[in-house]
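S.K.: Generate a structure from the sequence data that follows.
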Amino acid sequence: MSVYEAIRRRRDVRAEFTGEVVDEVTLWRLLDAAHRAPSVGNSQPWDFVVVRDPATLRTFADHVARKRIEFRDALPPERAATFEPIKIEGILESGTGVVVCYDHERGGPQVLGRATVPETGIYSAVLAIQNLWLAATAEGVGVGWVSFYDPGFLSDLIGLPEGVRTVAWLCVGPVHEFQRVPDLERFGWRAGRPLTEAVHRETYRG
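M.R.: The predicted model follows:
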């Protein structure tokens, strides 16, 4: 699969997991792809916590379900009705969670390239996520990014040391298929934006 095809086929997977657990060899290939991402000052500020214990998966899934309800209840009625059928996670179905973490102290106090834009450290961790995601797509493995959680809850759940923060819980597992249309478009939450609206010349208004 070409990188362009992987980019086109990549989806945020929720309901398409087969229920099988991704095998260890494939998982390590995906983590290796993530670890090869570019990072500011070659700091490699990420860590990956692989979670497969059923009790931990259930605990996190229950937490996310509560956060989903909180979000739904805060929506106007018409948006709540649109949101209701949208599945937001596949924590139990995937059988594997990869928590991507960020350590701002990694690389020491003088990280080359981060002095004027501190966020480049987080950007580096997100690049690792994208590497993993595209590699997974090429392998026929689905990835779903879960963001309905309290960061402190997840940090405690996986025992993060002070100063290390979570960036994402990724559900990783084999899938029946990749949806052709992203879920949020299929369910009418928000349509995609054409490239022509996103490209500017010389200045933002150009």
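
S.K.: which residues touch Arg9?
M.R.: 1, 137, 178 (Cβ atoms under 8 Å, 6 or more residues apart in numbering). Where you see a C-beta, it was placed from the backbone N, CA and C, and this is true even at glycine.

S.K.: export those to TSV and tack on pLDDT and neighbour count?
M.R.: Shown next, in TSV, are the contacts of Arg9 (pLDDT from 0 to 100; neighbours: other Cβ atoms under 10 Å):
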residue	pLDDT	neighbour count
Met1	82	12
Thr137	97	23
Phe178	91	14
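
S.K.: pLDDT value on Val206, please?
M.R.: No Val there; residue 206 is Gly. At Gly206, the model reports a pLDDT of 67.

S.K.: Give me the contacts around stretch 123-132.
M.R.: The contact list for stretch 123-132 (Cβ under 8 Å, 6+ apart) reads 30-31, 33-40, 43-46, 98, 100-102, 143, 145, 167-168, 170, 172.

S.K.: Need the mean per-residue confidence for it.
M.R.: 98.

S.K.: what does stretch 69-86 give?
M.R.: Mean predicted lDDT for stretch 69-86 stands at 95.

S.K.: Show me which residues of it are buried.
M.R.: Across stretch 69-86, burial judged by 16 or more other Cβ atoms under 10 Å covers 82-83, 86.

S.K.: Helices - which of those residues land there?
M.R.: Cross-referencing the buried residues of stretch 69-86 against helices under DSSP state H gives 82-83.

S.K.: From the buried residues of stretch 69-86, pick the one nearest Val13.
M.R.: Ranked by distance to Val13 (Cβ to Cβ), these are led by Ile86 at 13.2 Å.

S.K.: quick one, strands of the protein?
M.R.: Here the chain has its strands, by DSSP state E, at 46-51, 97-103, 141-146, 164-174.
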